[in-house]
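Visitor: Here is a sequence together with a model predicted from it:
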Amino acid sequence: MSKILESLTMILIFDFRLKNLNSSFLKEFTFLGTKFHKTRVLEEAYQINLILHCWRKYMAIICREHKLLFIMAPRTACSATGKVLCEKLGGEYIPFQDIVDSDGHFKVQKKHSTLSELIENKLISKEKLSDYLKFTCVRNPYDLIVSEYVKRKVTYQPLLKDPDSWVHKVPKYKEGMNFCKENSFEDWVVYRHSTSLAKRIQGKGKKSIFEKFTNEVDEIMKFENLQEDFQRVLSKAGIEQKLNVPVFNKTIEKDKNYQDYYTKRSKKIIDYVYQKDIKKYKYVF
């Protein structure tokens with residue numbers, strides 16, 4: 001890796017926006033005492049994209065002293081759990097902040113990653129990974145999908161007015177938000193989760209929300225039993241101190257029980273598409 005590429009990596013880490021650089025009239029710039037020519041840096045940026053192209057918007061939290069690695073599955077109180085790990089156990093995001101591409105879209109977000117992605121992208125070695133207690137969390141799919149809908153329909157709507165918000169950096173996310181704002185929960189389930197009749201006849205179209213996050217972890221917590229399960233994980237790591245998971249980023253706009261959002265049609269769709277998760281983790285409607 002060239003010195004320019006190494007420095008460019010640092011620029012990305014310190015939130016230096018290549019998009020802004022590309023539109024700038026500057027022909028060269030100085031960073032950390034080193035002078036760079038803009039054209040050369042932008043050429044090297046393509047190498048960064050090659051390195052990052054397979055990275056998703058999902059990351060994790062690592063507690064090096066206590067040998068804990070938390071894989072952050074979305075909509076499972078991962079922010080609240082991560083808050084405890086960072087504030088009480090020296091946890092840190094890997095990477096420690098978002099990395100975006102030249103279009104301003106996430107290449108690497110500092111939340112929600114799989115073990116295979118961490119290894120593949122050299123954020124942690126397979127050898128070192130064996131020293132860590134790896135854990136994640138799952139949630140009732142019926143409840144999770146309602147939470148996802150309400151967040152898009154109500155909670156995140158004000159963020160659309162902020163051009164620097166993350167909702168503009170996740171491809172097609174704002175389109176989904178606009179759909180939720182104008183349509184019912186059933187419409188959203190059909191739009192986002194339904195499978196064609198032809199695929200269902202062939203037994204295809206089944207998905208798992210959690211498989212990519214639970215693969216090769218040592219412990220799986222349940223959102224519905226989070227405090228007790230979190231304490232169990234800590235105990236296995238040799239941490240006997242009781243640490244409470246705070247109520248954080250709760251979907252307060254969800255104004256009724258998740259069951260009340262469902263029609264017969266929407267329930268049937270989720271029954272079929274996510275039956276693997278429902279059966280594996282013994283969830284019921």
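Guide: Arrived safely.
Visitor: going forward, measure contacts between C-alpha atoms and count neighbours the same way
Guide: OK.
Visitor: so who does residue 81 touch?
Guide: With contact taken as CA atoms under 8 Å, 6 or more residues apart in numbering, residue 81 is in contact with 245, 246.
Visitor: measure it to residue 236 for me?
Guide: For residue 81, the distance to residue 236 under the criterion CA to CA, to the nearest Å works out to 16 Å.
Visitor: Equivalent analysis for residue 146, please.
Guide: 33 Å.
Visitor: Neighbour count for the two, which is higher?
Guide: residue 146 (21 against 11; other CA atoms under 10 Å).
Visitor: where along the stretch 101-250 of the chain do the helices fall?
Guide: Along the stretch 101-250 of the chain, counting by DSSP state H, counting those that start in this stretch, helices occupy 115-120, 126-129, 141-150, 173-182, 185-193, 197-201, 211-214, 226-236.
Visitor: Going by mean pLDDT, which of these comes out lowest?
Guide: Among those, helix 115-120 carries the lowest mean pLDDT, a mean of 70.
Visitor: For residue 172, see how far away the spatially closest residue to residue 199 that is not a sequence neighbour is.
Guide: Distances taken as CA to CA, 6 or more residues apart in numbering put residue 205 closest to residue 199, at 5.9 Å, once the chain neighbours are dropped. In this structure, residue 205 lies at 21 Å from residue 172, with CA to CA as the measure.
Visitor: quick one, which of these two is more surrounded?
Guide: Legend: neighbour count by other CA under 10 Å for residue 205 and residue 172, higher for residue 205 (17 against 10).
Visitor: Phi first, then psi, for that one.
Guide: phi 90, psi 10 (degrees, to the nearest 10).
Visitor: Which residues are in contact with the nearest residue to residue 230 once chain neighbours are set aside?
Guide: With sequence-adjacent residues excluded and distances taken as CA to CA, 6+ apart, residue 230 is closest to residue 221, at 6.8 Å. Remark: with contacts taken as CA under 8 Å, 6+ apart, residue 221 is in contact with 135, 136, 137, 138, 229, 230.
Visitor: What separation do you get for the nearest residue to residue 77 once chain neighbours are set aside and residue 272?
Guide: Distances taken as CA to CA, 6+ apart place residue 223 nearest to residue 77, at 6.9 Å, with adjacent residues excluded. To residue 272, residue 223 is 22 Å away according to CA to CA.
Visitor: Next, work out how far apart the closest residue to residue 118 other than its chain neighbours and residue 259 are.
Guide: Taking CA to CA, 6+ apart, and ignoring the residues beside it in sequence, residue 118 has residue 124 as its nearest neighbour in space, at 5.9 Å. Counting by CA to CA, the separation of residue 124 from residue 259 is 40 Å.
Visitor: ok, now residue 175?
Guide: From residue 175 to residue 259 the distance is 26 Å (CA to CA).
Visitor: picking that back up, narrow the contacts of residue 221 to those that are buried.
Guide: 135, 136, 137, 138, 229, 230 (16 or more other CA atoms under 10 Å).
Visitor: quick one: which two of those are the most distant?
Guide: The most widely separated members of those, counting by CA to CA, are 138 and 230 (12.2 Å).
Visitor: Of residue 124 and residue 259, which one has the most company?
Guide: residue 124 (16 against 12).
Visitor: Could you tell me how many residues sit around residue 170?
Guide: 16.
Visitor: Let me know the secondary structure of residue 69.
Guide: Taken by DSSP: H, G, I helix; E, B strand; the rest coil, the conformation at residue 69 corresponds to strand.
Visitor: And the pLDDT at it?
Guide: Residue-level confidence at residue 69 comes out at 95, pLDDT.
Visitor: you'd agree it is up against residue 130?
Guide: No - shown here, residue 69 and residue 130 do not form a contact pair, counting by CA atoms under 8 Å, at 10.5 Å.
Visitor: okay, these two: which has more neighbours?
Guide: A direct count of neighbours by other CA under 10 Å for residue 69 and residue 130 places residue 69 higher, at 25 against 10.
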